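**Student:** sequence first, then the predicted structure, then my questions.
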Amino acid sequence: MWWRALGVAPTDNKETVKKAYAALIKTVDQDKDIEAFTNIHSAYRMAMKSFKKTEADGPSGLIDYEGQAHWYLLELAKIYNNPKRRLKTEAWKDIFACMSFIEEKHFLSQYVSFFNEHYALTDDIWTLIEKYYPLSNRSDFRWSELVKGYMKVTADEIKDLSFEEASSYVTYKILSYYAILDGDYLRSLDFLKMLSVYPDHKDISRWYLLCVTELNLKEAVEEAYFRLRQIDRSTYMADYLYSGYLMKGEDYTRAQELLAAIDEDNQDSRIRSLIDECEGHMSHQHQGSHINKPWLELDGQSPKVQKILEKGDYIKGLQKDQGNKFKLWGRR
Amino acid sequence: MAIIGIDLGTTNSLVAIFNNDLTEIIPNRFDEVLTPSVVSVLDTMALVVGKSARERLIVAPENTYSAFKRNMGTAKVYEAGMMTFTPTELSAIVLKNICEDAEKYLDEKIEKVIISVPAYFTDLQRKATMEASQIAGLNTIGLVNEPTAAALAYHLHESDRERLIAVVDLGGGTYDISILDIYDNVIEVKAVAGDNYLGGEDFDYAIAAYICKKYDLELEDLSLKDVNRLKYVSEELKKGFDTLQEQSYELQLSETHLAIEMNFEEFSEACIPIIARMKEPVRKALMDAELDFMDIEEVILVGGSTKMPIVKEQVTRLFGRLPLSYLNPEEVVARGASVYAALRDKNIELSDTVMTDVCPYTLGTETMVKGADGKFQKKFDPIIERNMTVPISKIQQYVAIDEEQLELRIKIYQGEDTNPDENVYLGEIVHEIQSGSEVDSMTTVRFTYDRNGILEVITNNLRNKEEKRAIMLNSNTLSEEQIENCLEKISDLKSHPYKEEENLFIMSKAEKLYDLATGNEKERIKETLSFYRDALLSQNNLRIAKAKDNIKILFIEFEENH
């Protein structure tokens, strides 16, 4: 037992143990008797571990930084509002690294609300924030989809934009995504329209096609489909979304053709089952019944998606696909 | 017979001795305590070390080497005309030079030496340092971690107080943080962390890069000479901002003329990314020591770069406490190293003091672990974890993974990654076994790590009672022959004659200033320099003294103007 090795009573306090260790360790030759040294030192370690951390008896000599902790949030807000710095990873990295430990303590009690308010940030900055101050496991954080990477605005998307443009681009993109998650396609469409002045991006075009499909805006769907096919390198996504629209209009023949023409590599179980479904309808002239139609592929672990599932008003079911991906099935 | 401590720094090196309860820094041949860690090869193939060599960084950049401590333990080779040097050899040249000066000053032979190294130096870097001291012909009885040495020096001043301290050591090229507990004359290192590539040099480089960006230059495209000019100016600016808010500097590069203007804000902007790198190691060290920053009762500043107000301010902010620096941060490591030397030599005056240190990196073996998919995967199995108190001895058992297996290969690594390939490979021991069954293959592996950083591995196969041992780290791996070769190579290069060294320094400095000067200034330097040369040739002592005075006045004026 450690107290025997140190020659103290188990009831002794920290100071006595330290004194006993200090006296004992001076009798050992560290160069020659490693065994003895290791024994004494590990007994000392055990002893120190057995003392519960005493209440802080008021650290002495600390400079009062209480007021400055709040100052730190102001500094962060300054970066957020500085056109040159908000979207620069280095700016955030530097300020995180320069924060004193006491400021950090105060910051940690307020940072969630700070980032709830200041969210128009790119993917690389969220990754950085998550590394220093985890937000993904905080239930009071509004934008957890962003830190978990379910939805991304990459630095590449905004690299040619001015600060004002970039900041509205990031804001609208995030808000349009969250509107879709809320099932408010009309609102999402508003944001997506604001984004139409910027260079095409596949995410935005995909969401646009999804929204107009859901809202059953026929002409817009056609246009959105051809547009998406042009800009999205993985054209099968366009075909996939569009076939959902066709099936909605019970045009199974065209939907089947479209899906069957998709590259073998991209013919995953999801697409194959759609083809089966189309063929089923075509052969059995199965009309008028409720059809399952996939409308959006989202990450099933996302709490937002789970929420939608719970609502259940326009969702019929959920099927597990490969990995963590789920597909949602909408009701006609 | 003297026992000394040496601080072999990135920028400067120092020698100190412990006598009658006091430490003393031993001055060099110029009666200065700091010897720049710079080596230069003259056209005559003679070697010159220290401040004369430093002056040649700009006029003879191809044959002058600085900051080689940063490349210790790497395969980097420095070329000088027909010759090449390793960082180890250059360090040996510096060591030899400062020890010669010390022997002259003390008027006795140096018997034993302790050299300080950054706490976060890897074992390869430590090994290279030991080798350098061997080539320099020194009897090095051990290495000491720089922050630990600093704590020892402070302890000497205030030995009766119990306290938990953090030593922040920012030198010319390395950054270290150590947490120490001091009580009852026990100095216990609780944890170390750091960054081996963070120091004053990085500030100079960051300022140079900032200037390049501001004036549309590509640092990478500049000639070596221009880079050294720019670095020199950056260093001057860095020093200037200790007191000034705004500075300007006229600099003539080979193709462009720069009128550099810089204010304190721009200087801070250039420095922030460097300063920002100081925090994470502190957090890591506190975590390993299982302490909160509030537990720290004293913060000590060590290393030349902590003299910078901007660094001091950051440390103050970080800990929320004013740091101590009443012992000169540039000298404190050398002083502490001399105390440690005396301690290791069981000096009577220190007989009551004990110091324990930790190992900076985790040591372990490569093992195969069955994953969820049933396949075997390589995994690093730590035996001695980082920041454990040394000396330490630990044992682990291993068995074969395959019944058919006929040998057991124990590969030893150092590092923090779970994948052994990402860590530093140190060596291996192979056991032949009768079969891969558990009974036949069961082998124990004992790691013993002593306080000089030497790892001894003893393996024992329990079935056939076969015992093998190997010494992994810091063991003197240079053979007699290799040392002989290095010695020969270095002694071929005669040192520059002692008597002429002052003249060499004056000439080199004047040439450097001439290079950096513009317009009328250039003319004046040229005149004064040729007057000095003529005086030297005349061998008239009176004339030489007069010329020397003239040139010294010129130096002072030049420095005041910039």
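**Tutor:** That came through, no problem.

**Student:** interface residues of the stretch 451-562 of chain B facing chain A?
**Tutor:** Residues of the stretch 451-562 of chain B lying close to chain A by C-beta under 8 Å from any C-beta of the partner chain are B:Arg451. C-beta here means a position set from N, CA and C on the backbone, and glycine is covered the same way.

**Student:** show me where pLDDT drops low in the stretch 451-562 of chain B?
**Tutor:** The stretch 451-562 of chain B contains residues with pLDDT under 70 at B:473-478, B:492, B:498, B:562.

**Student:** would you mind checking which helix or strand in chain A has the lowest mean pLDDT?
**Tutor:** Between all helices and strands in chain A, the lowest mean by mean pLDDT, DSSP states H and E belongs to strand A:315-320, at a mean of 38.

**Student:** can you tell me the distance between the two ends of stretch B:467-484?
**Tutor:** Terminal residues of stretch B:467-484 lie 34 Å apart, using C-alpha to C-alpha, to the nearest Å.

**Student:** ugh, typo on my part, it should be stretch A:185-201
**Tutor:** End-to-end distance for stretch A:185-201: 19 Å, by C-alpha to C-alpha.

**Student:** pull the distance from it to the chain's centre.
**Tutor:** Distance of stretch A:185-201 from the chain centroid (C-alpha atoms, centre = their mean, to the nearest Å) equals 22 Å.

**Student:** what residues does that stretch touch?
**Tutor:** For stretch A:185-201, the external contacting residues (C-beta atoms under 8 Å, 6 or more residues apart in numbering or on different chains) are A:157, A:160-161, A:165, A:168-169, A:172-173, A:175-177, A:179-180, A:204, A:207-208, A:210-212, A:214-215, A:227, A:231.

**Student:** repeat for stretch B:392-407
**Tutor:** A:34-35, A:38, A:41, B:359, B:365, B:367-368, B:376, B:381, B:383-384, B:408, B:410, B:430-438, B:440-449.

**Student:** what is the neighbour count of B:Ser52?
**Tutor:** 24 (other C-beta atoms under 10 Å in any protein chain shown).

**Student:** am I right that it is in contact with B:Ser508?
**Tutor:** Yes: at 5.4 Å, B:Ser52 and B:Ser508 qualify as touching, with contact defined as C-beta atoms under 8 Å.

**Student:** residues in contact with the nearest residue to B:His431 once chain neighbours are set aside?
**Tutor:** Nearest residue to B:His431, sequence neighbours excluded (C-beta to C-beta, 6 or more residues apart in numbering or on different chains): B:Leu408, at 4.4 Å. Shown in contact with B:Leu408 (C-beta under 8 Å, 6+ apart): B:Tyr398, B:Ala400, B:Val430, B:His431, B:Ile433, B:Ser441, B:Thr443, B:Asn461.

**Student:** what's the answer for B:Ala60, then?
**Tutor:** For B:Ala60, the contacting residues are B:Ser40, by C-beta under 8 Å, 6+ apart.

**Student:** do you know how far it is from B:Glu108?
**Tutor:** As judged by C-beta to C-beta, to the nearest Å, B:Ala60 and B:Glu108 stand 36 Å apart.

**Student:** contacts for the strand or helix carrying A:Ser168?
**Tutor:** Using DSSP states H and E, A:Ser168 maps to helix A:163-181. Residues outside helix A:163-181 that contact it (C-beta under 8 Å, 6+ apart): A:83-84, A:86-87, A:119-122, A:143, A:145-146, A:151, A:153, A:157-158, A:161, A:185, A:187-188, A:191-192, A:194-195, A:198, A:203-204, A:207, A:210-211, A:296, A:298, A:304-305, A:307-308.
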